[in-house]
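Enquirer: pasted the sequence and its predicted model underneath.
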Amino acid sequence: MENTERIEENLMPQKVGEGKDEMNLAEFPLCALSRRPRPDQKTLRFEDRLFDKGRREWITRQLTVTGSDAFGLPTALDDEVLLGLIQLTRQREFADRKVPFTRHELLRLLDWRDDSKNYRRLECSLNRWTGVTLYYQKAWWNKTRQCWVDEKFHVLDNVWLCHRGEPPPDTGLDESGALISAFVWNEVIFRSFHAGNLKSIDFEFFKSLGSAVAKRLYRFLDKRFWNRSRCEFQLQELACQHLGFSGNYEASNLKRKMLPGIRELETRGYLAEVPDAERFRKIRAGE
């Protein structure tokens with residue numbers, strides 16, 4: 001993958017600093033790429049290997065995502081909601097784990113239509129993020145300690161939603177009686193915010209992308225491109241462990257499913273346009 005921003009800066013429709021993304025959340029997906037995961041699927045697992053300079057050895061990083069029985073695993077749309085929650089927190093300068101907001105404000109931030117269907121969709125998404133548990137095994141970067149650590153936590157600890165015609169929720173905020181909703185980040189994530197384990201992301205560019213593949217690929221590559229203009233990956237590792245494709249796909253199917261997202265990023269000027277034969281190189285059987 002080659003980023004055009006460092007080659008032809010004017011091609012990239014991006015204003016650096018418009019948004020923020022947490023580095024660990026950009027590294028591994030928290031959801032499958034589909035908008036409707038199988039109802040019987042309650043667990044996702046992602047894994048890779050890298051050389052840990054601190055330990056001076058190769059380590060296996062693993063993330064396990066489990067959903068609640070009632071609300072299931074997060075979807076690609078839920079991933080957008082989570083990134084929106086980070087932007088709400090950024091607007092308040094990451095001052096507090098408890099973030100007040102209105103659903104209208106969040107819908108407007110996400111560029112979703114302000115209608116009852118999307119209000120229900122937001123509530124379902126927040127229910128999922130409250131019920132999801134993340135298990136990081138040597139896969140959560142602790143910036144303060146400068147090492148990969150184990151962490152186990154929910155994404156959101158609490159959510160209060162204000163409903164029209166009902167008493168305002170008891171959020172514990174100073175706006176007592178105000179029609180304000182609120183959510184509370186888990187302490188692990190919020191500590192990472194405060195430690196500065198954040199990267200700039202063009203949130204407007206992200207929202208403008210049409211496919212879930214392009215959005216996930218953009219978030220992951222934008223982290224990797226920070227100090228280089230070209231990156232190479234094993235196809236299976238990139239597609240299945242960092243984008244969220246099923247590990248049951250063969251290489252030919254993975255390429256076919258990735259290409260629309262890659263083409264979109266090429267068309268938008270984020271990736272350099274190269275022929276498929278250069279984009280995908282077969283080294284040997286299965287690799």
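Expert: Done, it's in.
Enquirer: would you confirm that E105 contacts L88?
Expert: Yes - E105 is within contact range of L88, at 7.4 Å (criterion: C-beta atoms under 8 Å). (Glycine included, C-beta is placed from N, CA and C.)
Enquirer: which residue ranges form the strands in the stretch 1-150 of the chain?
Expert: 19-22, 43-52, 57-66, 98-101, 133-142, 147-154 (DSSP state E, counting those that start in this stretch).
Enquirer: buried set for the fifth one?
Expert: Just to be clear, that refers to strand 133-142. Within strand 133-142, the residues that count as buried by 16 or more other C-beta atoms under 10 Å are L134, Y135, Y136, Q137, A139, W140, W141, N142.
Enquirer: pLDDT weak spots in this structure?
Expert: Applying pLDDT under 70 to the chain flags the ranges 4-17, 35, 37, 175-178.
Enquirer: how is it partitioned into domains?
Expert: 1-18+208-287, 19-201 (automatic domain parsing).
Enquirer: contact partners for R49?
Expert: Counting by C-beta atoms under 8 Å, 6 or more residues apart in numbering, R49 touches W58, I59, T60, R61.
Enquirer: how about the helices in this structure?
Expert: Shown for the chain, the helices assigned by DSSP state H span residues 23-27, 76-91, 103-110, 116-131, 187-194, 203-208, 212-224, 235-236, 251-267, 276-279.
Enquirer: now render those helices as TSV, adding mean neighbour count and distance to C162.
Expert: Below are the helices of the chain laid out as TSV (neighbours: other C-beta atoms under 10 Å; distance: least, C-beta to C-beta, whole Å):
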stretch	mean neighbour count	distance to C162
helix 23-27	20	27
helix 76-91	20	15
helix 103-110	16	8
helix 116-131	17	11
helix 187-194	18	23
helix 203-208	17	24
helix 212-224	21	29
helix 235-236	16	45
helix 251-267	16	36
helix 276-279	11	48
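Enquirer: which of these sits closest to W160?
Expert: W160 lies closest, by C-beta to C-beta, to one member of the helices of the chain: helix 116-131, at 9.8 Å.
Enquirer: other SSEs contacting that closest one?
Expert: Secondary-structure packing of helix 116-131 (3 or more C-beta pairs under 8 Å, 6 or more residues apart in numbering; DSSP states H and E): helix 76-91, helix 103-110, strand 147-154, strand 156-160.
Enquirer: among those, which is nearest A277?
Expert: With C-beta to C-beta as the measure, helix 76-91 is the member of these nearest A277 (29.6 Å).
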